[in-house]
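*Asks:* have a look at this prediction, sequence included:
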Amino acid sequence: MSEKSEDIEPDSAPSAWLRSLGIEDRESGIERASAARQYLIKAARKVLGASPEYTTLHLAFSGFVARAQGLHEGSVAAISANNPYATFTLLRAYSENAAAILYLKDHPTKLDSFWRNPKGVKIGSITNYAVKRFDGFKPIYTQLSEYAHPARRSILASTKATEDGHFTWSSSPSFKSEDDSLTACAWVVELAQATSHLLVELGDVMHSTSDQMGP
């Protein structure tokens, strides 16, 4: 999800894009998605290991790391369980977490709103800012939201058309296609990479900005 990333449609994910992330099939996709957690851990160690003190910015930073790790692991578990509802809803929250890191990095004076205000910064302000900064954020976030909300994509996810003109339905969730599950794996990897970069950039802000709030 870099600033120049292309718009990706889950139902037509480019094979070249998947291969560039080391994803060839479901097994390799889950393996790469699970291994991508290391990006988060590496970024956290780099930033916190270089900090001589623990400020309120560090408090927010640590919270973002914990959220990212939890949402990452939850997304991988949901993919492994063949549950698109949980997967894409968790990925939506994962993307919001990344957007929040970006927002705080560029607006460090808003720190008070993140840790003192129970409701934090309005999520619309955070995602709208991400849309302005990242070309690929809006189309991906929109698709993830369609799974998180009881709308057409989500409601019909468990219904599949058959060749004879009928349809099958199952109350047990499953990905509508192999492409959907592989795309989910790819998004986990890309979100981990994007989040790790943003965490390091937030760390740079922490090291260059004096903490006005105190611990």
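*Replies:* It's in. Numbering: from 1, shown residues only.
*Asks:* quick one: low-confidence residue ranges for this protein.
*Replies:* Along the chain, segments meeting pLDDT under 70 span 1-14, 209-215.
*Asks:* quick one: the strands in it?
*Replies:* All strands of the chain, identified by DSSP state E, fall at 159-161, 167-169.
*Asks:* distance to Pro52 for these - can I get that in TSV?
*Replies:* Heads up, the C-betas are built off the backbone N, CA and C, glycines and all. As requested, the strands of the chain are exported to TSV (distance: least, Cβ to Cβ, whole Å):
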stretch	distance to Pro52
strand 159-161	57
strand 167-169	59
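*Asks:* including mean neighbour count, could the ones you listed go into TSV?
*Replies:* Listed next are the strands of the chain as TSV, based on neighbours: other Cβ atoms under 10 Å:
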stretch	mean neighbour count
strand 159-161	12
strand 167-169	9
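*Asks:* nearest to Val205, out of those?
*Replies:* The closest of those to Val205 is strand 159-161. By Cβ to Cβ, the value is 46.9 Å.
*Asks:* pull the residues that contact the closest one.
*Replies:* With contacts defined as Cβ atoms under 8 Å, 6 or more residues apart in numbering, strand 159-161 is touched by Phe167, Thr168, Trp169, Lys176.
*Asks:* and it, how far from the chain's centre?
*Replies:* 28 Å (Cα atoms, centre = their mean, to the nearest Å).
*Asks:* cool, stretch 183-203 as well?
*Replies:* On the basis of Cα atoms, centre = their mean, stretch 183-203 is displaced by 7 Å from the centre of the chain it belongs to.
*Asks:* list the buried ones in that stretch?
*Replies:* Counting neighbours by 16 or more other Cβ atoms under 10 Å, one finds that the buried residues in stretch 183-203 are 183-199, 201-203.
*Asks:* again, but for stretch 77-90
*Replies:* For stretch 77-90, by 16+ other Cβ under 10 Å, it's Ala78, Ile79, Asn83, Pro84, Ala86, Thr87, Phe88, Thr89, Leu90.
*Asks:* span of it from start to end?
*Replies:* The first and last residues of stretch 77-90 sit 10 Å apart, counting by Cα to Cα, to the nearest Å.
*Asks:* what sits up against that stretch?
*Replies:* Contact partners of stretch 77-90, identified using Cβ under 8 Å, 6+ apart, comprise 29-30, 33, 71, 74-75, 143-144, 147-148, 154, 157, 173-176, 180-181, 184-185, 188.
*Asks:* so how do I select the buried members of those residues in PyMOL?
*Replies:* Buried residues among the contacts of stretch 77-90 (16+ other Cβ under 10 Å), as a PyMOL selection:
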select buried, resi 29+30+33+71+74+75+143+144+147+148+154+157+175+176+180+181+184+185+188
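*Asks:* out of the contacts of stretch 77-90, list just those in helices.
*Replies:* The helices, defined by DSSP state H, take in 29-30, 33, 71, 74-75, 143-144, 147-148, 154, 180-181, 184-185, 188 from the contacts of stretch 77-90.
*Asks:* now the farthest one out in this structure, which residue is it?
*Replies:* Asp164 (38.3 Å; Cα atoms, centre = their mean).
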